[in-house]
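Asker: The sequence isn't on hand, but the structure is:
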């Protein structure tokens with residue numbers, strides 16, 4: 001899923017892709033389940049970008 005969003009939005013638009021993933025995930029699930037799903041996505045994105053961005057610091 002992470003590679004799909006990176007190929008579609010590009011490596012420079014990771015915050016935009018995270019916002020859209022969060023919007024899609026937050027509609028059908030509760031906050032705690034969405035947080036668990038998003039934390040693994042953020043870890044994968046930070047590993048791919050090889051730098052800690054604005055939201056990857058505390059995950």
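Answerer: Done, it's in. Being a predicted model, the structure only gives us computed values, none of them experimental.
Asker: Show me how far the lengthiest helix in the chain is from its chain's centre.
Answerer: Among the segments of the chain that qualify as a helix by DSSP state H, the longest is helix 31-49. The gap between the average C-alpha position of helix 31-49 and the chain average comes to 5 Å, counting by CA atoms, centre = their mean, to the nearest Å.
Asker: Against residue 27, how distant is residue 34?
Answerer: Computed as CB to CB, to the nearest Å, the residue 34 to residue 27 distance reads 9 Å. Using the backbone N, CA and C atoms, a C-beta is placed for each residue, glycine as well.
Asker: So which of the two has more stuff around it?
Answerer: Here residue 34 and residue 27 are set side by side on neighbour count (other CB atoms under 10 Å), and the busier one is residue 34, at 17 against 8.
Asker: so who does that one touch?
Answerer: Residues near residue 34 by CB atoms under 8 Å, 6 or more residues apart in numbering: 22, 25, 26.
Asker: what's the answer for residue 19, then?
Answerer: By CB under 8 Å, 6+ apart, residue 19 has no neighbours at all.
Asker: ok, now residue 44?
Answerer: Contacts here follow CB under 8 Å, 6+ apart; on that basis residue 44 touches residue 2.
Asker: Got the confidence number for it?
Answerer: Residue 44 is assigned 76 on the pLDDT scale.
Asker: same question, residue 26
Answerer: In this model, residue 26 is scored at 76, pLDDT.
Asker: Skipping adjacent residues, who's closest to it in space?
Answerer: residue 34 (5.0 Å; CB to CB, 6 or more residues apart in numbering).
Asker: Return the set of buried residues in the lowest-mean-pLDDT helix or strand in the chain.
Answerer: Across the helices and strands of the chain, mean pLDDT, DSSP states H and E gives its lowest value to helix 31-49, namely a mean of 75. Residues of helix 31-49 classed as buried: 34, 37, 38, 41, 42, 45, 46 (neighbour count, 16 or more other CB atoms under 10 Å).
Asker: so how far is residue 21 from the residue nearest to residue 26?
Answerer: Relative to residue 21, and taking CB to CB, residue 34 is found at 10 Å.
Asker: on that earlier part again, can you tell me which of the buried residues of helix 31-49 is nearest residue 16?
Answerer: Relative to residue 16, the closest of those is residue 45; by CB to CB it sits at 11.7 Å.
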